[in-house]
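Enquirer: Mind looking at a prediction? Sequence and model below.
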Amino acid sequence: MIEIKNLSKSFKGKTSNVEALKDINLIIYKGEIFGIIGLSGAGKSTLIRTINRLEEPTEGTIFIEDTDIIKLDKKKLRSTRKEIGMIFQHFNLLNSRTVFENIAFPLEISGYDKSSIEKRVNELLEVVELADKKDAYPSQLSGGQKQRVAIARALANNPKILLCDEATSALDPKTTKAILNLLKKIQQEFNLTVVLITHQMEVIKEICNRVAIIEDGKIIELNTVEEIFAKPKTSTAKAFISHIQRSSQSENIYPKISGSTVIKLSYLGDSAKKPIISNLIRKFEIDINILSGDIDELQTTSVGNLLVQITGENKEKEKAFDWLRSQNIDLEVIWNG
Ligand SMILES: Nc1ncnc2c1ncn2[C@@H]1O[C@H](COP(=O)(O)OP(=O)(O)OP(=O)(O)O)[C@@H](O)[C@H]1O
C-alpha cells in the first residue's frame with residue numbers, strides 16, 4: 001500500500017512560487033492499477049515523481065507499507081528505489097547500449113555477477129517478447145519496442161511498484177493498446193502495484209481499477225473507473241469522458257496522405273475559445289486541414305475537440321505540437337504518414 005498524506009510541493013519561481021501540489025491525500029492499494037489523470041500542468045508528473053523521491057515534497061509523508069520514504073537517508077533510499085520501477089514517455093534508454101545491455105544496466109549497478117545478469121535479462125526479454133532484438137540498439141527499434149525494453153529494465157530488480165509517467169503518450173493507438181496489455185499482464189504475473197499518469201481517458205478506461213483526477217495541484221475526484229464513467233461529478237471528469245466517447249466515433253475518418261500527421265486536439269475551458277488554428281498557421285510553417293471539430297458547452301466549462309491533418313517539416317510540426325501543449329491543449333497523434 002502507498003499512503004500519501006498532506007503532500008504539498010512548491011517550486012521557487014523568479015517572481016513567485018508555483019504550488020504544484022496542494023495537500024494531496026491518497027491511498028493506493030497493493031496490487032491495483034491506479035491512474036492519475038489531468039490536463040497539462042495539473043501536477044501529475046510532480047506527484048508521481050515524489051513517490052520515488054525524484055522530486056522532494058515541500059510537506060507531507062509518503063508511506064510505502066510501513067516506511068515513510070520521505071524520511072529515508074540516501075543509502076536507504078537507494079535500496080528502497082530498487083523496489084520501485086519507473087517508465088517514461090520518451091523511454092530514457094541508453095542509446096550506446098544494446099537492448100540486452102540496457103536491461104542489464106540496473107543489475108550491474110546492483111552488483112550481480114555476469115551469469116545471474118545474463119539469466120535474468122534473458123527471462124525479461126521473454127516477458128516483453130523481444131528476445132530476437134537483444135543485440136539491437138535503441139535507434140533500430142520502434143517506439144513500442146523501446147517501451148518494452150524500458151519495461152524490462154524497470155522490472156529487472158523485481159520491484160513491487162511500477163510508476164508509469166505518460167508511458168504511452170508518444171505511441172500510436174495500436175501500439176498503446178499493446179503496451180497497456182503488456183502492463184496488465186506483468187501486473188498480474190508479478191503482483192505489481194502500478195501507478196500511472198496520463199492525459200488520456202482511453203488509457204484509464206483500458207487498464208485502471210481506480211482513478212484520481214488532478215487539477216491545479218489538487219485531487220478533485222477519485223473513484224473506481226466504472227463509477228467515474230457512470231457518474232462523473234466534476235466538469236473536468238465529464239469533459240474527459242465526453243472526449244473519449246466522441247473520439248471513438250471520428251478516429252478513423254481521415255485521408256491517409258503520406259508525410260502528414262493526423263492529431264486530435266482537446267481543450268477545456270478558456271482554451272476552447274482561443275483562435276488556436278489561425279495562431280498555428282501564423283506561427284509555424286505548416287499546413288492544416290481540419291477534418292472534424294466541435295465545442296461542447298458543459299455545466300461549468302466548455303470542451304473543444306478538433307481532428308486536424310498537419311503537413312510540413314517534422315521539426316516544424318514538433319515545434320507546433322510543443323506550442324499546443326504549452327497552451328494547455330491535449331494532443332494525441334492519431335496517425336503518422
Ligand atoms: N522544476 C520545476 N520548476 C518550476 N516549476 C515547475 C517545475 N516542475 C513543474 N513545475 C510547475 O508545476 C506545475 C505542475 O507541473 P507538472 O509537470 O507536475 O504537471 P503535469 O500535470 O505533469 O503536466 P504535463 O502533462 O504537461 O507534464 C506546473 O505549473 C509546472 O509549470
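Expert: Great, that's in hand.
Enquirer: And for the closest residue to Ser8 other than its chain neighbours, the neighbour number?
Expert: Nearest non-adjacent residue to Ser8, counting by CB to CB, 6 or more residues apart in numbering: Glu59, 4.4 Å away. In short, each C-beta sits where N, CA and C put it, glycine included. Neighbour count of Glu59, defined by other CB atoms under 10 Å: 14.
Enquirer: Repeat that for Val194.
Expert: Neighbours of Val194 using other CB under 10 Å come to 23.
Enquirer: Next one: it from Ile51, what distance?
Expert: Distance, Val194 to Ile51, by CB to CB, to the nearest Å: 12 Å.
Enquirer: what touches both of these two?
Expert: Common neighbours of Val194 and Ile51, using CB atoms under 8 Å, 6 or more residues apart in numbering, are Ile161.
Enquirer: Need the three-state assignment for Lys233.
Expert: coil (DSSP: H, G, I helix; E, B strand; the rest coil).
Enquirer: Burial check on it, number of neighbours?
Expert: 13.
Enquirer: Ok, Phe11 next?
Expert: 11.
Enquirer: partners of the helix or strand encompassing it in the sheet?
Expert: For Phe11, the host element (DSSP states H and E) is strand 2-12. Take DSSP bridges as the rule and strand 2-12 pairs in its sheet with strand 17-28 (antiparallel), strand 59-64 (antiparallel).
Enquirer: residues making contact with the shortest one?
Expert: Contacts of strand 59-64 with the rest of the structure, by CB under 8 Å, 6+ apart, involve 1-8, 23-24, 50-51, 68-71, 80, 83-84, 161.
Enquirer: wait, does the strand holding Phe11 contact the ligand?
Expert: Yes: for strand 2-12 and the ligand, the contact criterion (CB under 6 Å from any ligand atom) is met by Phe11.
Enquirer: Also stretch 75-93?
Expert: No: shown here: stretch 75-93 not in contact with the ligand (CB under 6 Å from any ligand atom), separated by at least 8.6 Å.
Enquirer: And the most centrally placed residue in the chain, what's its pLDDT?
Expert: Residue closest to the mean C-alpha point of the chain, counted by CA atoms, centre = their mean, is Glu166 at 1.1 Å. You'll see Glu166 listed with a pLDDT of 94.
Enquirer: and the residue lying closest to it once chain neighbours are set aside, what does it touch?
Expert: Spatially, and ignoring its direct neighbours in sequence, Glu166 is nearest to Gln89 (3.9 Å; CB to CB, 6+ apart). Applying CB under 8 Å, 6+ apart, one finds that Gln89 lies in contact with Asp165, Glu166, Ala167, Ser169, Ala170.
Enquirer: Ranking by neighbours, what's the top pick from those residues?
Expert: Top of the contacts of Gln89 by neighbour count (other CB under 10 Å): Ala167, with 27 neighbours.
Enquirer: Am I right that that residue is in a helix?
Expert: No: counting by three-state DSSP, Ala167 is located in no helix; its state is coil.
Enquirer: can I assume it is in contact with Met86?
Expert: No: using CB atoms under 8 Å, Ala167 makes no contact with Met86, being 9.4 Å away.
Enquirer: Would you pull up the residue in the stretch 201-337 of the chain closest to the ligand?
Expert: In the stretch 201-337 of the chain, no residue comes nearer to the ligand than Arg325, which is 6.2 Å away by CB to the nearest ligand atom.
Enquirer: err, the stretch 51-200 of the chain, not the other one
Expert: Going by CB to the nearest ligand atom, the ligand is nearest to His199 of the stretch 51-200 of the chain, at 5.7 Å.
Enquirer: Tell me which residues touch the nearest residue to that residue once chain neighbours are set aside, please.
Expert: Of all residues not flanking His199 in the chain, Asp330 sits nearest, at 5.2 Å (CB to CB, 6+ apart). By CB under 8 Å, 6+ apart, the contact list for Asp330 reads Leu39, Ser40, His199, Gln200, His243, Leu265, Ser266, Tyr267.
Enquirer: So what pairs up with Asp330 in the strands?
Expert: Applying DSSP bridges, one finds that Asp330 bridges with Ser266.
Enquirer: With Asp165 instead?
Expert: Phe88, Ile197.
Enquirer: All the strands of the chain, residue numbers only.
Expert: For the chain, the strands defined by DSSP state E occupy 2-12, 17-28, 33-37, 59-64, 67-68, 84-88, 161-165, 193-198, 210-215, 218-224, 260-268, 286-297, 302-312, 330-336.
Enquirer: And the third one, what does it pack against?
Expert: Looking back up the chat, that one is strand 33-37. The contact analysis (3 or more CB pairs under 8 Å, 6 or more residues apart in numbering; DSSP states H and E) places strand 33-37 against helix 44-51, helix 173-190, strand 193-198, helix 201-207, strand 210-215.
Enquirer: Please produce a markdown table containing the ones you listed, extended by mean pLDDT.
Expert: Output for the helices and strands packed on strand 33-37, formatted as a markdown table (pLDDT from 0 to 100):
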| stretch | mean pLDDT |
| --- | --- |
| helix 44-51 | 96 |
| helix 173-190 | 94 |
| strand 193-198 | 97 |
| helix 201-207 | 89 |
| strand 210-215 | 96 |
